[in-house]
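S.K.: Okay, sequence plus prediction incoming.
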Amino acid sequence: MDIPVRQKVMAILIAISIFITIIELIRRRKLREEYSWLWLMTGFILIVLALWTNLLRMVTYMIGAVVPTSTLFFCAIIFVILVCLQFSVKISQLTNNIKNLTQEIAILNSIVEGLTLKVNLKNEPLT
């Protein structure tokens with residue numbers, strides 16, 4: 001079962017355009033470098049699979065799938081799981097940062113209130 005030339009050309013064009021879009025988003029600082037590794041890897045894999053269809057067939061055989069599209073869906077599911085994992089790690093880090101910042105702000109507010117009370121007490125005339 002060979003992939004028709006028209007489908008192969010479209011797959012290559014789409015894969016290359018996705019890869020170029022990812023690089024452009026990184027260049028314009030719309031996508032941070034820390035998130036880009038997964039997207040660049042995905043774009044690269046899409047280009048490789050579009051150019052090297054025998055590899056796609058071999059991976060399909062290795063995972064026990066029947067058709068190459070099943071392999072692509074399997075890879076897409078793995079990709080979504082990795083993105084969710086990466087976002088979960090980042091959300092956990094941000095949650096810890098917010099907790100720490102909130103505690104620091106509370107401490108600074110109590111210090112400011114204490115200093116304000118001292119200043120007010122010094123400026124009040126004795127009656």
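M.R.: Thanks, I have the structure now. Bear in mind that the values here come from a model prediction, so they are computed numbers and not experimental data.
S.K.: ok, which stretches of this protein are helices?
M.R.: Remark: helices assigned in the chain by DSSP state H are 5-27, 33-51, 53-63, 68-123.
S.K.: Packing partners of the shortest one?
M.R.: Yep, that's helix 53-63 we're talking about. Packed against helix 53-63, as judged by 3 or more C-beta pairs under 8 Å, 6 or more residues apart in numbering; DSSP states H and E, are the following elements: helix 33-51, helix 68-123. Heads up, the C-betas are built off the backbone N, CA and C, glycines and all.
S.K.: and the first one with helix 5-27, angle?
M.R.: Note on geometry: by axes from the mean of the first three to the mean of the last three C-alpha atoms, to 10 degrees, helix 33-51 and helix 5-27 are set 170 degrees apart in direction.
S.K.: which other residues reach helix 33-51?
M.R.: Applying C-beta atoms under 8 Å, 6 or more residues apart in numbering, the contact partners of helix 33-51 are 8, 11-12, 14-16, 18-19, 22-23, 25-26, 31, 55-56, 72, 75, 79, 82-83, 86.
S.K.: what's the neighbour count on Asn109?
M.R.: Using other C-beta atoms under 10 Å, Asn109 has 10 neighbouring residues.
S.K.: now Ala65
M.R.: Ala65 has 16 nearby residues by other C-beta under 10 Å.
S.K.: Distance of the residue nearest to it when sequence neighbours are not counted relative to Asn54?
M.R.: Once flanking residues are discounted, Ala65 sits nearest to Thr71: 5.0 Å by C-beta to C-beta, 6 or more residues apart in numbering. Noted for Thr71: a distance of 13 Å to Asn54, by C-beta to C-beta, to the nearest Å.
S.K.: of these two, who's got more company?
M.R.: Legend: neighbour count by other C-beta under 10 Å for Thr71 and Asn54, higher for Thr71 (21 against 7).
S.K.: Show me which parts of the least confident helix or strand in the chain by mean pLDDT are buried, residue by residue.
M.R.: Between all helices and strands in the chain, the lowest mean by mean pLDDT, DSSP states H and E belongs to helix 33-51, at a mean of 80. For helix 33-51, burial by neighbour count (16 or more other C-beta atoms under 10 Å) applies to 39-40, 42-43, 46-47, 49-50.
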